[in-house]
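# how does the following fold in three dimensions:
(2 chains)
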Amino acid sequence: MRVCTWNINSVRLRLPLLLRLIEEEAPDVICLQETKTVNDTFPLAELRDRGYVHTVIRGMKSYNGVAILSRLPLDGHEVVHWCGREDCRHVAARLANGIELHNLYIPAGGDIPDPAVNDKFAHKLQFLDELRDWWPANRKADRPMILVGDLNIAPLENDVWSHKQLLDVVSHTPIEVEKLTAVQDSLSWVDAVRRFIPETEKLYTWWSYRAADWDVSDRGRRLDHVWVTPPLAGALRGFKVRRDARGWEPKPSDHVPVLVDLEI
DNA sequence: ATGGTAGCGTAGCTA
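Take a look at the predicted model:
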């Protein structure tokens, strides 16, 4: 089973790139974030034509939005309203093969890493605390589950281009890393991609639009993640970070697709 | 220390 996660930053604008990804990688399941459209204008027909007939989409106007597009049958879905909001940052689906899949878009958190003066950062920290508490209260680690998405945190030193220079930058501050690690530990989630690439090696999934040349400066961050519960750790067979997609014409997303293969 | 780009939707917010 091949699972893909991608912050597509507008599914309508980048539908051609999504179809290219499908051509080149043929994922069984695609999880998108920042679809940025209400469900009525989600380009479902083009995806159905390519075999993604099992879908769960949660969109809103302009912001956020998540979707699960699957060639494998689904057996129900679930929505959790984090922080008392209905802002389309999470959707879960149970696959007919017994695996539960969670697609998450954690708040970016604004620019100032201080919850006292920045409501967006406070929201991000609360979201993380709620995730940490939700897993052990609602699930057991022996259930086969996959958690993917734009978690908007690069937890490891080599998940960013400069650990020292990003310690004060939202996405890599110690408080965020600590809280994301607590989420991970709350259900013994395994960082699937770091099973393949050692923590000593740089790995990014996002490069800012604001760089003059993202490829040359290479100031990236690993914000997009794939986690699995322990029963699936032994099923991991491979991964891909499609760095080249950051340069896809005419209009690339600032995030690239991350793919993981499991032998089910 | 600052500003740099992008998407939505058509001003200003979010990233």
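# tell me which parts of chain A are close to DNA strand B?
A:9-10, A:12-13, A:36-37, A:61-64, A:107-110, A:120, A:152, A:208-210, A:251 (CB under 7 Å from any atom of the strand). Bear in mind the C-beta positions are built from the backbone N, C-alpha and C, glycine included.
# which ones among these map onto helices?
Assigned to helices by DSSP state H, the following of these qualify: A:Lys120.
# of the residues of chain A next to DNA strand B, keep whichever come out buried.
Buried members of these, scored by 16 or more other CB atoms under 10 Å, are A:9, A:36-37, A:64, A:107-110, A:152.
# and those as a markdown table, adding distance to A:Pro27 and pLDDT?
As requested, these are exported to a markdown table (distance: CB to CB, whole Å; pLDDT from 0 to 100):
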| residue | distance to A:Pro27 | pLDDT |
| --- | --- | --- |
| A:Asn9 | 18 | 98 |
| A:Lys36 | 21 | 98 |
| A:Thr37 | 21 | 98 |
| A:Asn64 | 22 | 98 |
| A:Pro107 | 26 | 98 |
| A:Ala108 | 25 | 98 |
| A:Gly109 | 28 | 98 |
| A:Gly110 | 32 | 98 |
| A:Asn152 | 22 | 98 |
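# how about CSV for those, with distance to A:Ile146 added?
Compiled in CSV, those are given as follows (distance: CB to CB, whole Å):
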residue, distance to A:Ile146
A:Asn9, 22
A:Lys36, 24
A:Thr37, 25
A:Asn64, 21
A:Pro107, 21
A:Ala108, 23
A:Gly109, 24
A:Gly110, 29
A:Asn152, 19
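# show the contacting residues for A:Leu262.
Each residue near A:Leu262 by CB atoms under 8 Å, 6 or more residues apart in numbering is listed here: A:1-3, A:146, A:228, A:232, A:235-237.
# mean confidence for the strand or helix carrying A:Ile175?
Element membership of A:Ile175 [criterion: DSSP states H and E] is helix A:174-186. Averaging pLDDT along helix A:174-186 gives 98.
# contact partners of it?
A:109, A:113, A:124-125, A:128-129, A:131-133, A:135-136, A:151, A:153, A:155, A:167, A:170, A:189, A:191, A:227.
# 6 Å instead?
A:128, A:131-132, A:135-136, A:153, A:155 (CB atoms under 6 Å, 6 or more residues apart in numbering).
# for stretch A:31-51, same thing?
By CB under 6 Å, 6+ apart, stretch A:31-51 touches A:5-12, A:15, A:22, A:57, A:59, A:61, A:65-69, A:71, A:103, A:105, A:148-150.
# which of the residues in that stretch are buried?
Neighbour-count burial for stretch A:31-51, counted by 16+ other CB under 10 Å, picks out A:31-37, A:42, A:44, A:47.
# and stretch A:110-125, by the same measure?
Buried residues in stretch A:110-125, counted by 16+ other CB under 10 Å: A:110, A:113, A:115, A:118, A:121-125.
# closest to A:Val80 out of those?
Nearest to A:Val80, judged by CB to CB, of these is A:His123 at 15.4 Å.
# please report the distance of that closest one from A:Trp248.
Distance, A:His123 to A:Trp248, by CB to CB, to the nearest Å: 31 Å.
# try A:Ala137
For A:Ala137, the distance to A:Trp248 equals 41 Å [CB to CB].
# neighbour-wise, which of these two wins?
Comparing A:Ala137 with A:Trp248 by other CB atoms under 10 Å, the one with more neighbours is A:Trp248, at 16 against 8.
# quick check: phi and psi on the closest residue to the more buried one other than its chain neighbours?
Once flanking residues are discounted, A:Trp248 sits nearest to A:Leu17: 5.3 Å by CB to CB, 6 or more residues apart in numbering. The phi and psi values for A:Leu17, taken as degrees, to the nearest 10, are phi -70, psi -30.
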